[in-house]
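A.B. asks: Build me a structure from this.
(chains A and B)
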Amino acid sequence: AQRVTQPEKLLSVFKGAPVELKCNYSYSGSPELFWYVQYSRQRLQLLLRHISRESIKGFTADLNKGETSFHLKKPFAQEEDSAMYYCALLPSNQAGTALIFGKGTTLSVSS
Amino acid sequence: KAGVTQTPRYLIKTRGQQVTLSCSPISGHRSVSWYQQTPGQGLQFLFEYFSETQRNKGNFPGRFSGRQFSNSRSEMNVSTLELGDSALYLCASSSGSHYSYEQYFGPGTRLTVT
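C.D. replies: Numbers count the residues shown, from 1 in each chain, chains lettered A, B, ... in the order given. Next up, the predicted model:
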């Protein structure tokens, strides 16, 4: 079955501390993985995609096919990073853009 | 470019009633996907429409249906509402290409079933 698991509902860190939001997936094919973010009172928006290998707002994520993981990392958290983060999988064996989301992790960064 | 718009933003309905939600995608986008967001289940895919055809469907009962018009606007309908249908319904638009990956989300319609 295709599934995305985010084991932490809430992650609380202090400003300047490293952040790692965990994401594991279950998919037999070649996955396309994304991180979406929802800031308070804003819309859900794309943060990054594994294929692009970009660093957005200081965040990076590496696809580890051996561990079936796609953890989101940032070396130094900022208060403005506080938001809800969703990991999502796009099955490559189907046309279309139907995303499978994890249940999300709330990141809280305090000073 | 105007973003994805959803109407209405809030709805209160009674069990057994039906409801229609509307989504206007970004101009030029041909794909509209619908998701249900609840505290317990998170974001779950309902269905996707591309060029007026349903291209993908999630694991929801037949009470949930949708359609897309020639101008790419989409509606979803829920018949015989149940309390468990209370949720935030999000639509997302994209160009529709599997490789043009970014989906742009609307603000959602908050449906409350009493």
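A.B. asks: could you list every residue that touches the closest residue to B:Q6 other than its chain neighbours?
C.D. replies: Closest residue to B:Q6 apart from its sequence neighbours, by CB to CB, 6 or more residues apart in numbering or on different chains: B:G106 at 4.1 Å. Using the backbone N, CA and C atoms, a C-beta is placed for each residue, glycine as well. Each residue near B:G106 by CB atoms under 8 Å, 6 or more residues apart in numbering or on different chains is listed here: A:R43, B:G3, B:V4, B:T5, B:Q6, B:C23, B:L90, B:C91, B:A92, B:S93.
A.B. asks: Pretty sure the fourth one sits against B:I26.
C.D. replies: This means B:T5. No - assessed by CB atoms under 8 Å, B:T5 is found out of contact with B:I26, at 9.4 Å.
A.B. asks: Where do the strands of the chain begin and end?
C.D. replies: Let's take chain A. A:3-5, A:10-14, A:19-21, A:24-26, A:32-38, A:45-49, A:60-64, A:69-74, A:83-90, A:100-101, A:105-110 (DSSP state E).
A.B. asks: could you do chain B instead?
C.D. replies: B:5-7, B:10-13, B:19-24, B:31-38, B:42-50, B:53-57, B:64-68, B:74-78, B:87-94, B:104-105, B:109-113.
A.B. asks: Only the C-alpha atoms, please, for the third one, written as CSV.
C.D. replies: In this case it means strand B:19-24. The C-alpha trace of strand B:19-24 is given here as CSV (Å, rounded to 0.1, in the frame of the first residue of the first chain):
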residue,chain,number,x,y,z
VAL,B,19,-23.8,20.4,-0.5
THR,B,20,-21.9,21.8,-3.5
LEU,B,21,-18.5,23.4,-3.2
SER,B,22,-16.8,25.4,-6.0
CYS,B,23,-13.2,25.8,-7.0
SER,B,24,-11.8,28.2,-9.6
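A.B. asks: Neighbouring strands of it in the sheet, and parallel or not?
C.D. replies: Looking at strand B:19-24 with DSSP bridges, its partner strands are strand B:5-7 (antiparallel), strand B:74-78 (antiparallel).
A.B. asks: now the angle from it to strand B:64-68?
C.D. replies: Going by axes from the mean of the first three to the mean of the last three CA atoms, to 10 degrees, strand B:19-24 is angled at 30 degrees with respect to strand B:64-68.
A.B. asks: List the buried residues for strand B:19-24?
C.D. replies: Residues of strand B:19-24 classed as buried: B:V19, B:L21, B:C23, B:S24 (neighbour count, 16 or more other CB atoms under 10 Å in any protein chain shown).
A.B. asks: for the first one, what are its contacts?
C.D. replies: What that stands for is B:V19. B:L11, B:K13, B:N77, B:V78, B:L81, B:L111.
A.B. asks: That concludes my questions; thank you for your assistance.
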